[in-house]
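K.L.:
Predicted model and sequence below, questions to follow.
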Amino acid sequence: MDSPTTFALTEHSPALWRVTFDNPPVNLVDAAMTRELGALLTRAEESDTLAVIVFDSADPDFYLAHFDLSDENESKRALAHPEEIHPWTRVLTRLMTLPVVTIASVRGRARGAGSEFLLATDIRFASREKAVIGQFEIGMSAVPGGGPATLLPGLVGRGRTFEILFGGLDYDGALAERYGYMNRAFPDAELDAFVDDFASRVAQFDLHTIRDIKHFVNLATKRPDSELKDQMDAFWAATNRPAQQHVAKHLFEAGLQQRSDLERDLPQWVTRFQCRPGADGE
Amino acid sequence: MDSPTTFALTEHSPALWRVTFDNPPVNLVDAAMTRELGALLTRAEESDTLAVIVFDSADPDFYLAHFDLSDENESKRALAHPEEIHPWTRVLTRLMTLPVVTIASVRGRARGAGSEFLLATDIRFASREKAVIGQFEIGMSAVPGGGPATLLPGLVGRGRTFEILFGGLDYDGALAERYGYMNRAFPDAELDAFVDDFASRVAQFDLHTIRDIKHFVNLATKRPDSELKDQMDAFWAATNRPAQQHVAKHLFEAGLQQRSDLERDLPQWVTRFQCRPGADGE
Amino acid sequence: MDSPTTFALTEHSPALWRVTFDNPPVNLVDAAMTRELGALLTRAEESDTLAVIVFDSADPDFYLAHFDLSDENESKRALAHPEEIHPWTRVLTRLMTLPVVTIASVRGRARGAGSEFLLATDIRFASREKAVIGQFEIGMSAVPGGGPATLLPGLVGRGRTFEILFGGLDYDGALAERYGYMNRAFPDAELDAFVDDFASRVAQFDLHTIRDIKHFVNLATKRPDSELKDQMDAFWAATNRPAQQHVAKHLFEAGLQQRSDLERDLPQWVTRFQCRPGADGE
């Protein structure tokens, strides 16, 4: 595994690793990060000593902004190869079956693919004040591609899944905890100490037991990987339609993927660029 | 679709409709309302522009009281035709797969079929002080017919489902939110503005994306329609037994389906008319 | 059924029984209690009048401490007979399908098999201040044997299940309610009155309806019994490995299964005896 460029890997011990996302300007989930996370998972799968990986962010404002949408050819490539599983889908499904405890420590914005990454970890702890989580994709006229329609119901139930996906709004740490979107939210000043204590504790435990627990919980809760593939395929199909391309063009012009007001308040900005005839009586 | 008599339909725009239940004296779910909701669903299914339907009530005390139990022949008809799917079951299952966002805005009592209606919508917002929700049917010696044994677990989990169905008690907005029975409860003065903002927002979004999300969430969460049919059949079987007929007779004499103290506090009144030998040491 | 020695059975009425655990020094789930619970279930299954069983504890500090681990031969016996279903697994699966409402009223510690017992009842009410619930087994290098990997997700979701099983920590009544691990937590002074009222109410209701509700909720929520068998088999396999035997030996020397500081604060004590090479940089 070459040294990663989109995150820092700190090996606190052979049992406990920390991945700190650091991919300026806003921690986009781009092709490089996807590839580097894939390589990290391979290393983790091969380890005989690893018990726990904590995922946090070097940027207090952005945990993981969302998926990189700047490659205009990616849609065509994906649609031309329907038999292939998209690399981002593969990262998510591998993460769910990795025989290691994965913990997200969330401060800043985690929208779209950022939220999907959280949903694929085992345990999610959040800053009550500074976590901002959501699936804004409906505002870009696209079904979310990383499977939240499949992953959210097992955490927040059917009704709140519909609210999160249809509304495309942000959820702060406190509300995300009430919904079960996050395991628990802590006052920002207490988050790091809690996560460090919890991760260090679990890193002491027996690896065979960790594998057994992951296996049995997955047996009772994990949905077929094909559901995630189908949602990713539907996402790329959406990016091939004018409704998505119209919003995307305007969002890029207004600051998408830059350290902008638009990225800070994305769910509000998307409503400026909706174009469906007949909406709201127009 | 003839003009409905049990609710008002307001078309705020081609994308956003509002259904306001108005079926005095207590907003019973009766044969007329069931038929009119069926016709509404047909119109909604045929629309090329509809994105969102909000369901609220003209009566601040009763959202939907419960199913109309006054037709003594309905039980015989239902039992004589076990191959038929009951019209109420059909409304609920069509609502769950309608490719439109359905939002319940709940103020007042929603018990029995009223609660079942809520459970079949996508998203439920409630007045913290004025929503009163529950499945009182066990107090009438009948399993609930509209499928809450199937629909509640995906919202509140197995344990709280048992509590709600075995206890037959009322849940106010705040407790219903804690359980996940409602998505969220708002101070009564804030409910309408929140729902209006949320519904107007979603009504702007792409219809194709709404269909995709509904499809994928249903794939991951919707149970077979046959479970709802079996529960409705079991309900009608119960109404054919003396234990149910005994309680029903006394409840009708004491004010059932009238604007009465009994309808306001139904879960307490049912305990006056239990007749099982051996209960409570008698 | 001979008179039980590990709990008191009080028949408040033919419809309402109370089981009060009383197995000093710490209410262990031992072979005698398992056998006596089996006999109780047989009596309950045969009753024509029973509607509700409440399970509480005579010891305010210990609801059910955990499984009795003092029989060193039990592991060998279990592993020699992989075709057999362990008696504790059988108690749990019978409890889940018993056509009677089962209610746990929880004050004091319920860890390991104590928590598993709770998870197999229908409804769980807890003392906000005095309930202490958890699955500490990972701290003994063993997957929990009574199926919480299968039973917890239906109450608390996938993410909180991972947290509870990987962390092996205690949950107080308030947090257990927030997670859905308990139906509801009450101020300690109010718990008994609430449970008595709720149980007396339900005990008046129609037995046929109780059976219908239990049947339909199980149909929608109950996982295959084989998942519980597989987890119990994996637990006994773990007790045959040095990692488990090492921790167990040290815990017994330090006060396990006695009325000790160790039993009061078990999740903290287990970390003193972890021996995995490589953990925490050692």
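P.N.:
Okay, I see it.
K.L.:
For the least confident helix or strand in chain A by mean pLDDT, buried residues please.
P.N.:
Here the helix or strand of chain A ranked lowest by mean pLDDT, DSSP states H and E is helix A:74-80, holding a mean of 92. For helix A:74-80, the neighbour count (16 or more other Cβ atoms under 10 Å in any protein chain shown) marks A:74-75, A:78 as buried. For glycine as for every other residue, the C-beta is placed from the backbone atoms N, C-alpha and C.
K.L.:
Now for residue A:158: which residues touch it?
P.N.:
Residue A:158 is in contact with B:154-155, B:217, B:221, counting by Cβ atoms under 8 Å, 6 or more residues apart in numbering or on different chains.
K.L.:
Pipe those residues into TSV and attach secondary structure and pLDDT per row.
P.N.:
Below are those laid out as TSV (DSSP: H, G, I helix; E, B strand; the rest coil; pLDDT from 0 to 100):
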residue	secondary structure	pLDDT
B:154	helix	98
B:155	helix	98
B:217	helix	98
B:221	helix	98
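K.L.:
Tell me which two in those are the farthest apart.
P.N.:
Across those, no pair lies farther apart than B:155 and B:217, at 12.8 Å, counting by Cβ to Cβ.
K.L.:
Could you pull out the buried residues of the helix or strand just after the least confident helix or strand of chain A?
P.N.:
Downstream of helix A:74-80, the first helix or strand assigned by DSSP states H and E is helix A:87-97. Neighbour counts over helix A:87-97 (16+ other Cβ under 10 Å) mark A:88-96 as buried.
K.L.:
Now flag whichever of those is closest to chain C.
P.N.:
Minimum distance to chain C across those is 9.4 Å, recorded for residue A:96 (Cβ to the nearest Cβ).
K.L.:
tell me the contacts of the closest one?
P.N.:
A:120, A:218, A:222.
K.L.:
So which residues make contact with stretch A:21-31?
P.N.:
Residues contacting stretch A:21-31 (Cβ under 8 Å, 6+ apart): A:5-8, A:32-33, A:55-59, A:61-68, A:71, A:87-88, A:108-109, A:112-114, A:117, A:257-259, A:263.
K.L.:
Could you do stretch A:61-72 as well?
P.N.:
By Cβ under 8 Å, 6+ apart, the surrounding residues in contact with stretch A:61-72 are A:21, A:26-31, A:56-57, A:88, A:106-114, A:117-118, A:131, A:136, A:145-146, A:239, A:248, A:252, A:256-257, A:263-264, A:266.
K.L.:
Among these, which lie within helices?
P.N.:
If you go by DSSP state H, these have A:31, A:88, A:113-114, A:117-118, A:239, A:248, A:252, A:263-264, A:266 in helices.
K.L.:
Contact residues of chain A facing chain C?
P.N.:
Taking Cβ under 8 Å from any Cβ of the partner chain as the criterion, chain A approaches chain C at residues A:12-16, A:49, A:51, A:101, A:122-124, A:154-156, A:177, A:180, A:182-184, A:198, A:200-210, A:212-214, A:216-217, A:219-221.
K.L.:
So which of those residues belong to helices?
P.N.:
A:154-156, A:177, A:198, A:200-203, A:207-210, A:212-214, A:216-217, A:219-221.
K.L.:
Now do the SS call for the closest residue to residue A:215 other than its chain neighbours.
P.N.:
Leaving aside its sequence neighbours, residue A:215 sits nearest to residue A:99 (Cβ to Cβ, 6 or more residues apart in numbering or on different chains; 7.7 Å). The three-state assignment at residue A:99 reads coil, by DSSP: H, G, I helix; E, B strand; the rest coil.
K.L.:
can you pull the contacts of residue A:99?
P.N.:
Contact analysis of residue A:99 by Cβ under 8 Å, 6+ apart lists A:45, A:207, A:210-211, A:214-215.
K.L.:
Kindly reformat those residues as JSON lines and extend each row with neighbour count and pLDDT.
P.N.:
As requested, the contacts of residue A:99 are exported to JSON lines (neighbours: other Cβ atoms under 10 Å in any protein chain shown; pLDDT from 0 to 100):
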{"residue": "A:45", "neighbour count": "13", "pLDDT": "98"}
{"residue": "A:207", "neighbour count": "20", "pLDDT": "97"}
{"residue": "A:210", "neighbour count": "23", "pLDDT": "98"}
{"residue": "A:211", "neighbour count": "13", "pLDDT": "98"}
{"residue": "A:214", "neighbour count": "24", "pLDDT": "98"}
{"residue": "A:215", "neighbour count": "16", "pLDDT": "98"}
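K.L.:
now the spatially closest residue to residue A:130 that is not a sequence neighbour: how far from residue A:63?
P.N.:
In space, and not counting its chain neighbours, residue A:130 is closest to residue A:107: 4.7 Å by Cβ to Cβ, 6+ apart. Counting by Cβ to Cβ, to the nearest Å, the gap from residue A:107 to residue A:63 is 6 Å.
K.L.:
if you count what's nearby, which of those two comes out ahead?
P.N.:
Using other Cβ atoms under 10 Å in any protein chain shown, the more surrounded residue of residue A:107 and residue A:63 is residue A:63, with 30 against 23.
K.L.:
next one: phi and psi at the more buried one?
P.N.:
For residue A:63, the backbone dihedrals (degrees, to the nearest 10) come out as phi -70, psi -60.
K.L.:
I'd like the distance between it and residue A:134.
P.N.:
Taking Cβ to Cβ as the measure, residue A:63 falls 12 Å from residue A:134.
K.L.:
again, but for residue A:258
P.N.:
With distances taken as Cβ to Cβ, residue A:258 is found 19 Å from residue A:134.
K.L.:
and what of residue A:121?
P.N.:
Separation of residue A:121 from residue A:134 (Cβ to Cβ) stands at 17 Å.
K.L.:
out of these two, which sits in the more crowded spot?
P.N.:
residue A:134 (26 against 23).
K.L.:
where does chain A have low pLDDT?
P.N.:
Where chain A drops to pLDDT under 70, the residues are A:276-282.
K.L.:
Chain B contacts on the stretch 101-250 of chain A?
P.N.:
Residues of the stretch 101-250 of chain A lying close to chain B (Cβ under 8 Å from any Cβ) are A:137-139, A:141-143, A:149-150, A:153, A:156-163, A:165-169, A:178, A:180, A:223, A:227, A:230-231, A:234, A:238, A:241, A:243-244.
K.L.:
Produce a ChimeraX select command limited to the buried residues of the residues you listed.
P.N.:
Filtering those down to the buried ones (16+ other Cβ under 10 Å) takes a single ChimeraX command:
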select /A:137,138,139,141,142,143,149,150,153,156,157,158,159,160,161,162,163,165,166,167,168,169,178,180,223,227,230,231,234,238,243,244
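K.L.:
Give me the subset of the residues of the stretch 101-250 of chain A next to chain B lying in helices.
P.N.:
Those of these lying in helices (DSSP H): A:149-150, A:153, A:156-163, A:165-167, A:178, A:227, A:230-231, A:234, A:238, A:243-244.
K.L.:
ok, residue A:253 - how many residues close by?
P.N.:
When neighbours are counted by other Cβ under 10 Å, residue A:253 registers 10.
K.L.:
For it, which residues are in contact?
P.N.:
Residue A:253 sits next to no residue when contact means Cβ under 8 Å, 6+ apart.
K.L.:
can you check the one 4 residues further on too?
P.N.:
The contact partners of residue A:257, by Cβ under 8 Å, 6+ apart, come to A:25-26, A:28, A:65, A:68-70, A:263.
K.L.:
from those, which single one is nearest residue C:41?
P.N.:
Comparing those against residue C:41 with Cβ to Cβ places residue A:65 closest, at 54.8 Å.
K.L.:
Please report the distance of that closest one from residue A:55.
P.N.:
Applying Cβ to Cβ, the value for residue A:65 to residue A:55 is 15 Å.
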